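In: Quick one: sequence plus predicted model below, questions after.
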Amino acid sequence: MNRIDLDGRNAIVTGAAKGIGYAAAERFLDSGAKVSLWDFNREALDNAAERLAAKGEVQAVHVDCGDEDAVAAAMRETADRFPAIDILIANAGVAGIVKPAWEYTMDDWHHLMRNDLTSVFLCCRAVVPGMIERGYGRIVIVSSIAGMEGAPGNGAYAAAKGGAITYAKTLGKELAKTGVMVNCSAPSGIDTPLLGDITPEYMETVTSKMPIGRLGTAEEVAAQIAWLASEECSFSTGAVYDTSGGRAVY
Ligand SMILES: NC(=O)c1ccc[n+]([C@@H]2O[C@H](COP(=O)([O-])OP(=O)(O)OC[C@H]3O[C@@H](n4cnc5c(N)ncnc54)[C@H](O)[C@@H]3O)[C@@H](O)[C@H]2O)c1
């Protein structure tokens with residue numbers, strides 16, 4: 001593993017209890033950062049914090065990132081421990097609900113929007129003013145290839161993830177002169193607990209589109225995120241980076 005230099009940096013990683021968020025937090029700790037782990041699964045969060053504490057300084061914050069008041073409270077709790085946040089990985093998200101786009105109920109739709117898009121907005125809004133004030137920040141929003149291509153049978157997820165991409169592009173452009181870089185990671189078919197919520201038929205559709213012929217690992221996505229979160233990522237903002245095993249064509 002290359003060691004990305006994150007010495008002295010303070011990071012928030014949302015959805016850090018499992019999967020890509022956990023791998024990103026681990027990589028950050030190995031790279032010298034201190035990490036505030038945000039997740040709404042308390043048991044998994046406490047387990048993750050216990051394991052990650054062996055690698056460096058972590059804080060576990062129990063928060064539903066789709067809830068405005070909860071995110072504000074989480075930000076206050078985090079600021080008590082880490083007053084200056086340099087890095088936000090807006091990664092928390094839930095799997096899609098597989099059904100035809102016109103059959104979604106309002107509850108289905110809101111569930112995806114809240115967890116996969118509103119959470120991105122609320123967490124970015126919580127950290128951006130401090131980053132602007134200090135003239136430095138790195139934000140990585142974890143979207144999905146579904147947000148670039150659309151995803152037949154997974155419409156609300158694709159719409160939420162597409163929204164996250166255009167939000168990252170917008171924020172990146174708005175903040176381009178402030179020292180705050182905002183980029184997007186767009187994975188496809190990563191072997192994490194999230195895949196347990198996906199039907200085997202839908203999974204087959206996903207893997208059949210990936211020329212590399214295998215699932216990616218959370219660590220492979222974390223490697224990309226670590227660079228996007230580093231000081232070296234200084235001339236790239238509002239951009240989307242795929243980790244899709246050759247699936248993305250643009
Ligand atoms: N695994 C894949 O194939 C894949 C592909 C494309 C995109 N993604 C995206 O990557 C991100 C991470 O996914 P993963 O595969 O690691 O999933 P995962 O299920 O392994 O981990 C997601 C974590 O986010 C947490 N979480 C979800 N909603 C939350 C909320 N509202 N508030 C706080 N915590 C919340 C969960 O408790 C969980 O710990 C997600 O945004 C997902 O959509 C994953």
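Out: Arrived safely, thanks for sending.
In: excluding its backbone neighbours, what's nearest the residue positioned nearest the centre of the chain?
Out: By C-alpha atoms, centre = their mean, the chain has its centre lying nearest to N91, at 1.7 Å. Among residues not flanking N91 along the chain, V142 sits closest, at 4.0 Å (C-beta to C-beta, 6 or more residues apart in numbering). Quick note: C-beta positions are derived from backbone N, CA and C, even for glycine.
In: State the distance from that neighbour to E43.
Out: 22 Å (C-beta to C-beta, to the nearest Å).
In: Those two: which is more packed in?
Out: In this view V142 and E43 are compared by other C-beta atoms under 10 Å, and V142 has more residues nearby, 29 against 9.
In: How far off centre is the longest strand anywhere in the chain?
Out: Taking DSSP state E as the criterion, the chain has its longest strand at strand 180-187. A distance of 9 Å separates the centroid of the chain from that of strand 180-187, by C-alpha atoms, centre = their mean, to the nearest Å.
In: partner strands of it, parallel or antiparallel?
Out: Strand 180-187 pairs in its sheet with strand 137-142 (parallel), strand 239-243 (parallel), by DSSP bridges.
In: Moving C-terminal from the first one, which element do we reach first?
Out: Sequence-wise, the next helix or strand beyond strand 137-142 is helix 146-149, with elements assigned using DSSP states H and E.
In: Contacts (any at all) between the ligand and that next one?
Out: No: Helix 146-149 lies out of reach of the ligand by C-beta under 6 Å from any ligand atom, never closer than 6.8 Å.
In: Tell me which residues are up against that helix.
Out: When contacts are defined by C-beta atoms under 8 Å, 6 or more residues apart in numbering, helix 146-149 is touched by residues 96, 154, 157-158, 160-165, 186, 188, 240, 242, 248, 250.
In: residues of it that come out buried?
Out: Residues of helix 146-149 classed as buried under the neighbour-count rule (16 or more other C-beta atoms under 10 Å) are 146-149.
In: repeat for stretch 137-156
Out: Quick answer for stretch 137-156 (16+ other C-beta under 10 Å): 137-149, 151, 153-156.
In: quick one: I165 from the ligand, how far?
Out: Between I165 and the ligand the distance is 11 Å, computed by C-beta to the nearest ligand atom, to the nearest Å.
In: got a pLDDT number for that residue?
Out: Reported pLDDT at I165 in the predicted model: 98.
In: tell me the contacts of it?
Out: Contacts of I165 (C-beta under 8 Å, 6+ apart): 141, 143, 147-148, 184, 186, 240.
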